[in-house]
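Enquirer: When you get a sec, could you give me coordinates for this:
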Amino acid sequence: MTQTMAVAKALNESLRKALDNDPKVLVMGEDVGRLGGVFRITDGLYKDFGEGRIIDTPLAESGIVGTAIGLALRGYRPVVEIQFDGFVFPAYDQIVTQLAKMHARALGKIKLPVVIRIPYGGGIGAVEHHSESPETLFAHVAGLKVVSPSNPSDAYWMLQQAIECDDPVIFFEPKRRYWDKGEVNTEAVPIGLHSAVVAQQGTDVTLVAYGPMVKVCLEAAAAAANEGRSLEVVDLRSLSPIDFDTVQASVEKTRRLVVVHEAPVFYGSGAEIAARITERCFYHLEAPVLRVGGFHAPYPPARLEDEYLPGLDRVLDAVDRSLAY
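Expert: Model prediction:
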């Protein structure tokens, strides 16, 4: 059945389906129960599944993740909600030193099927600590899988796939896309959780993005088409692992690559993509791989975030620079 729904609703329906399908799935976090979460992603779940499965926790992220690890060791599949991106750092120790390492430490004898949902990125006019893009800090850590949907269909399917995964998954949700709507076929056969997709075909330049920036790149492709330029947009969907084969195939066709993300360019995910594609496609590239992202500075006050976030003009400027070589 195909339905039109917002990203937030798709996540809600995905959680509901996972809870229905497996009694070992639990949802836990700050205000996820009676309130339904600050973004209402868990709205209605407490009423239907009860406090034993939709668990309101204390304001203690380290304790939330530590408890989820214990539950996973006992056979449960906890889905943790971190209320905002900037609140995850008290739990970073648990995630990096315990969650990411236990499977290897036990020589593969135990599994840690924990999903940590993190609303991330800017664009909502929030205060300090509410608009971070810390995805690279997690993608760097061996033992974690890191993904980010950009549209309602991926939100619906990728969250279920993450919950079914036996490895810990950090699930980054682009909060400024929560209200973007699209079609979701709830009876489709989804592609792999870590597969990139070509969101739009093109021939002149490849744009690679994920999460909140995919929409910006599609808008850039539409604007460039008015000037006779054909941009291919690749939605990465997964940051660890990365589907480099799909990116490589696109770059071998267009011979130019621009990587776009909200996080700062300095040591960002774009640097890894640029390095790998340069290694793989050196003799195909007709221009250096360019990156567009945030600035290497603390996230600014809300009134300045439009200057900080990569927008249409900065993406199109990078396209111009790439084509100028």
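Enquirer: What's the local residue count around the closest residue to Ala287 other than its chain neighbours?
Expert: Counting by Cβ to Cβ, 6 or more residues apart in numbering, the nearest residue to Ala287 once its immediate chain neighbours are dropped is Tyr325, at 3.7 Å. C-beta here means a position set from N, CA and C on the backbone, and glycine is covered the same way. The burial metric for Tyr325, expressed as a neighbour count using other Cβ atoms under 10 Å, is 11.
Enquirer: Next: Ser230.
Expert: Neighbour count for Ser230, taken as other Cβ under 10 Å: 14.
Enquirer: got a list of what it touches?
Expert: The neighbourhood of Ser230, defined by Cβ atoms under 8 Å, 6 or more residues apart in numbering, consists of 202-204, 224.
Enquirer: for Val27, same thing?
Expert: The neighbourhood of Val27, defined by Cβ under 8 Å, 6+ apart, consists of 15, 19, 42, 45, 53-55, 78-79, 81.
Enquirer: Can you say which of those are buried?
Expert: Neighbour-count burial (16 or more other Cβ atoms under 10 Å) is assigned, among those, to 15, 19, 42, 45, 53-55, 78-79, 81.
Enquirer: hmm, who's touching stretch 29-39?
Expert: Residues from elsewhere that reach stretch 29-39 (Cβ under 8 Å, 6+ apart): 8, 41-46, 51, 54-59, 64, 80-84, 117, 119, 175, 178.
Enquirer: Buried subset of these, written for ChimeraX?
Expert: Per 16+ other Cβ under 10 Å, the buried members of these correspond to this ChimeraX selection:
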select :8,41,42,45,46,54,55,57,64,80,81,82,83,84,117,119,175,178
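Enquirer: Let's see which of the contacts of stretch 29-39 end up in helices.
Expert: 8, 45-46, 64 (DSSP state H).
Enquirer: I'd like to know which of these is nearest to Glu164.
Expert: Nearest to Glu164 among the ones in helices among the contacts of stretch 29-39: Leu45, at 18.1 Å, using Cβ to Cβ.
Enquirer: hmm, back to that, sort out for me which of the contacts of stretch 29-39 are in strands.
Expert: Among the contacts of stretch 29-39, DSSP state E puts 54-56, 80-81, 117, 119 in strands.
Enquirer: Can you name the two of the residues you listed that sit furthest apart?
Expert: Of all pairs drawn from the ones in strands among the contacts of stretch 29-39, the greatest distance, 18.5 Å, lies between Ile55 and Pro119 (Cβ to Cβ).
Enquirer: Which SSE is immediately downstream of the helix or strand of the chain with the lowest mean pLDDT?
Expert: In the chain, the helix or strand scored least confidently by mean pLDDT, DSSP states H and E is helix 305-308, which has a mean of 92. As assigned by DSSP states H and E, the chain's next helix or strand after helix 305-308 is helix 312-324.
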